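J.: Sharing a model prediction with you, sequence too.
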Amino acid sequence: MTSKPDRVVLIGVAGDSGCGKSTFLRRISDLFGEDFVTVICLDDYHSLDRKQRKEQGVTALNPKANNFDLMYEQIRALKSGETINKPIYNHETGMIDPPELVEPNHIVVIEGLHPLYDERVRSLLDFSVYLDISDEVKIAWKIQRDMAERGHTYEDVLTAINARKPDFKAYIDPQKEFADVVLQVLPTQLIKDDKERKVLRVQMIQRDGVEGFEPAYLFDEGSTIDWIPCGRKLTCSYPGIKMHYGPDTYYKHSVSVLEVDGQFDKLEEVIYIEQHLSKTSAKYVGELTELLLQHREYPGSNNGTGLFQVLTGLKMRATYERLTARQPQMAAKV
């Protein structure tokens, strides 16, 4: 690890399993450097192992299967610069293993099903993101993966999804209300009756009025814009690309929404879109595209998912720099 931090910046990344959290976390580590970031998977705070959950008839999504008191105590301790003994949930055995020592780091990311569920944990966060995959896309992805890789039948996959649905709707989905940014992956509107879900419409829903967070915008802040980029400057095969930006309301909060529908054929040309975006928190024009190009193999790089994950990462960096810049000044006054 790098030198002991003066200030631990705490980031929450919420979402269901299989919604792209691991790709997003890789992008964050790329941006800050692996030594600078410690990631804590909140599955480690399961209070019931797999066998106990089965016996009691509860899923891991149910708060009853998780120890929020311990989660809060340990996350608060880390944020205060203390070392913790964090439990480990073993995904292979489904059992709870002996704890491990975790030291505070410059950035601590808590990721999983419940980072925004408990009000006490939520109040510790400096920045929060919810990754939201619509049912249609989630089912298509899961069917493609589980039927191809795991030999499951279509019925098996649907049964598994439907079994999780009540708890997902009750405990996971409502956390969107509290996120600074929601990245929403939806079916495309460019292809009528699309069933493949390969072309996606992705929204970056940015909450207005969050201290120190400036939503990125397209062309003119506060306007409503529908934009079809020039085909000569942005190569895109059928069904093309369409962008949208505008103010909206989300869970009674005022938000700014950026949207990309369609996919990029040549990632280098994303610079053309970047030049029309403002308040990206990039250090220079082209940094956003550069970060996207660094890992073109990451899932979602050729659509709005990758673009908005990188943009959200830049917003996290801006939050980190804003919060840690105060430290030397405060120290100087003493």
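T.: Ah, there it is.
J.: in the protein, which spans are strands?
T.: All strands of the chain, identified by DSSP state E, fall at 9-14, 37-41, 84-90, 95-102, 107-112, 127-133, 181-187, 200-207, 217-218, 225-227, 242-250, 253-261, 277-278.
J.: what about the ones you listed, which gets the closest to Lys169?
T.: Lys169 lies closest to strand 127-133 among those, at 12.6 Å (Cβ to Cβ). Quick note: C-beta positions are derived from backbone N, CA and C, even for glycine.
J.: for the closest one, packing partners?
T.: strand 9-14, helix 21-32, strand 181-187, helix 304-333 (3 or more Cβ pairs under 8 Å, 6 or more residues apart in numbering; DSSP states H and E).
J.: Nearest to Gly306, out of the strands of the chain?
T.: Proximity of the strands of the chain to Gly306 was assessed by Cβ to Cβ; the nearest stretch is strand 200-207, lying at 9.0 Å.
J.: Which elements pack onto the closest one?
T.: Here strand 200-207 touches strand 181-187, strand 242-250, strand 253-261, helix 304-333, going by 3+ Cβ pairs under 8 Å, 6+ apart.
J.: Go through the last one and flag the buried ones.
T.: Across helix 304-333, burial judged by 16 or more other Cβ atoms under 10 Å covers 304-320, 323-324.
J.: Show me how far it is from its chain's centre.
T.: Here the centre of helix 304-333 is set off from its chain's centre by 16 Å, with Cα atoms, centre = their mean, to the nearest Å.
J.: Would you mind getting the angle between that helix and strand 9-14?
T.: 160 degrees (axes from the mean of the first three to the mean of the last three Cα atoms, to 10 degrees).
J.: What pLDDT is listed against Asp146?
T.: For Asp146, the pLDDT comes out at 62.
J.: And Asp156, by the same measure?
T.: If you check Asp156, the pLDDT there is 78.
J.: Provide a list of residues in contact with Asp194.
T.: Listed by Cβ atoms under 8 Å, 6 or more residues apart in numbering, the contact set of Asp194 reads 187-188.
J.: Relative to Lys54, how far out is Gly94?
T.: To Lys54, Gly94 is 9 Å away according to Cβ to Cβ, to the nearest Å.
J.: Show me which of those two is the more surrounded one.
T.: Between Gly94 and Lys54, counting by other Cβ atoms under 10 Å, Gly94 is the more crowded of the two (15 against 12).
J.: which residues touch that one?
T.: Neighbouring residues of Gly94 by Cβ under 8 Å, 6+ apart: 49-51.
J.: Just the buried positions in stretch 215-230, please.
T.: By neighbour count with 16+ other Cβ under 10 Å, stretch 215-230 contains the buried residues 215-218, 229.
J.: Just the endpoints, please. Distance across it?
T.: 24 Å (Cα to Cα, to the nearest Å).
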